[in-house]
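Chemist: how would this look folded up:
(chains A, B, C and D)
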Protein chains: 2
Amino acid sequence: MNPEAPFHTNLQPLFQYFETFQNLSSDSKDRMASICSTVQIPKNKDLQSIGHTCRTIYFVRKGLCRVYYYKKGVDITESFALENSLIARVESLFTGKPSKKGIQTLEDSEFIGIASPALFDLYDQFPEIERLFRKIFEAAYVETVHRIENIQFHTAEERYNDLIKNSPDLLQRVPLKHIASYLGITQVSLSRIRAKY
Amino acid sequence: MNPEAPFHTNLQPLFQYFETFQNLSSDSKDRMASICSTVQIPKNKDLQSIGHTCRTIYFVRKGLCRVYYYKKGVDITESFALENSLIARVESLFTGKPSKKGIQTLEDSEFIGIASPALFDLYDQFPEIERLFRKIFEAAYVETVHRIENIQFHTAEERYNDLIKNSPDLLQRVPLKHIASYLGITQVSLSRIRAKY
DNA sequence: AGTCCTTTTTAACATATGTAAAAGGATTCC
DNA sequence: GGAATCCTTTTACATATGTTAAAAAGGACT
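Modeler: Okay, the predicted model is just below:
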């Protein structure tokens, strides 16, 4: 890595992502940069482990990860995050309670971590940063509402076809067992659905 | 109603609700009050109809309502709102797109409507109002995430028992057909579950 | 190539939920 | 009070998904 390059350079994809929601002054960007750090994690390792309180919001710069937890001893995938998206365990981030969920890489990955306590402090000085994250999480909230409709009122087969259409990448990059639990069905059931095609 | 009473008086339960998230200056409260209005709706009427863009956030002061929509011609209840809670069709509120959902009363009800375009304008002048609603919707987001876990990884019977435990009121006040679609099952299936007890 | 380990598929059976139709109860309205 | 309507339950049958176990396929490593 070029030692001359300002740290900003590494954060470029993140700031580009931010701009789709809200423009930031260069002052805000500097302060944001000061609370970000990059981290590299090999495949199949935990980025955040189960039981710890979520104090970092991650931006996926390279690779792929999933949020997972155990329900009655069974490994369940709650969500995936591909490049150029944010991931956090919001139920812990917003409540301050320890999370029952972990984040695990599914490929060698690179993240930009945003320290959330520092971020929440910045909200006081920079309303535009607070607004940025308000908008980011509002959009995430809307996605979650759509996901409920999708889960509750479509069959597993319809949901699988949706996934193929909307995230064909995932099918190539993620073991089917994780896809199955993400869809809310067993591996066996997913296999049966796939056998139809 | 006492004509001497300031309009504030009517809004007391709403401001009390706000305080559980964020305190407001009296200036902010005055401005909030200026964008609120009360509305009374008889039982089984639409408060907001399908197809219109959501531009009002409602606080239920009295009564009970549900958000519903049609999926393949079948009436589906997405959520209920009891007294002292907010209800909005967030997928429309935050995107500006027409909503496929409506809000219907299930009893004679009384609401406080908050005009959302005016609210979003207030955000610029009053960061504490923006913060208040950020926190409100963050909490709603967390609830929605929990709901997904509940739907996806519990059987209909477990979800029904959860509902009895957590919202026994609903069972008394809402027709079972709405409960059934809220739980993601048919009336017949709910009837079978109930027959076990 | 061969072994080990993980992932995916297949099979057989059990269970839960859906669909359609009918009957019984409850409520509303005149 | 009676008719009409809506709500809930029941029945019978169809289908989807779960469970368990075993086989097959694929990857990783020596």
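Chemist: Which is the succeeding secondary structure element to the helix or strand A:Ile57 falls within?
Modeler: With secondary structure defined by DSSP states H and E, A:Ile57 is part of strand A:56-62. Once the chain leaves strand A:56-62, the next helix or strand it forms, by DSSP H and E, is strand A:65-71.
Chemist: Could you report the pLDDT at A:Glu130?
Modeler: Note on A:Glu130: pLDDT of 97.
Chemist: List the contacts of it.
Modeler: Neighbouring residues of A:Glu130 by CB atoms under 8 Å, 6 or more residues apart in numbering or on different chains: A:Leu122, A:Tyr123, B:Pro127, B:Glu130, B:Arg131, B:Arg134. In this view, the C-beta of every residue, glycine as well, is placed from N, C-alpha and C.
Chemist: if you set the cut-off to 6 Å instead, what comes out?
Modeler: Residues in contact with A:Glu130 (CB atoms under 6 Å, 6 or more residues apart in numbering or on different chains) are A:Tyr123.
Chemist: Buried residues of whatever helix or strand it lives in, list them for me.
Modeler: Element membership of A:Glu130, judged by DSSP H and E, is helix A:127-153. Within helix A:127-153, the residues that qualify as buried by neighbour count (16 or more other CB atoms under 10 Å in any protein chain shown) are A:127, A:129-138, A:140-142, A:144-145, A:147-149, A:151-153.
Chemist: What is the burial count for the residue in chain A that DNA strand D sits nearest to?
Modeler: Residue of chain A nearest DNA strand D, by CB to the nearest atom of the strand: A:Ser189 (3.0 Å). Neighbourhood size, A:Ser189 [other CB atoms under 10 Å in any protein chain shown]: 15.
Chemist: where does it fall, phi/psi-wise?
Modeler: Main-chain torsions, A:Ser189, degrees, to the nearest 10: phi -70, psi -40.
Chemist: Quick check: it vs A:Glu78, distance?
Modeler: 18 Å (CB to CB, to the nearest Å).
Chemist: Kindly report the same for A:Ile50.
Modeler: From A:Ile50 to A:Glu78 the distance is 12 Å (CB to CB).
Chemist: Look at these two and report which has more neighbours.
Modeler: Each of A:Ile50 and A:Glu78 has its neighbours counted (other CB under 10 Å); A:Glu78 has more, 20 against 16.
Chemist: For the residue lying closest to that one once chain neighbours are set aside, give the beta-bridge partners.
Modeler: Nearest non-adjacent residue to A:Glu78, counting by CB to CB, 6 or more residues apart in numbering or on different chains: A:Val67, 4.5 Å away. In this entry, A:Val67 is beta-bridged to A:Ser79, A:Ile103, by DSSP bridges.
Chemist: A:Val67 contacts A:Phe80, correct?
Modeler: No - A:Val67 is beyond contact range of A:Phe80, at 8.0 Å (criterion: CB atoms under 6 Å).
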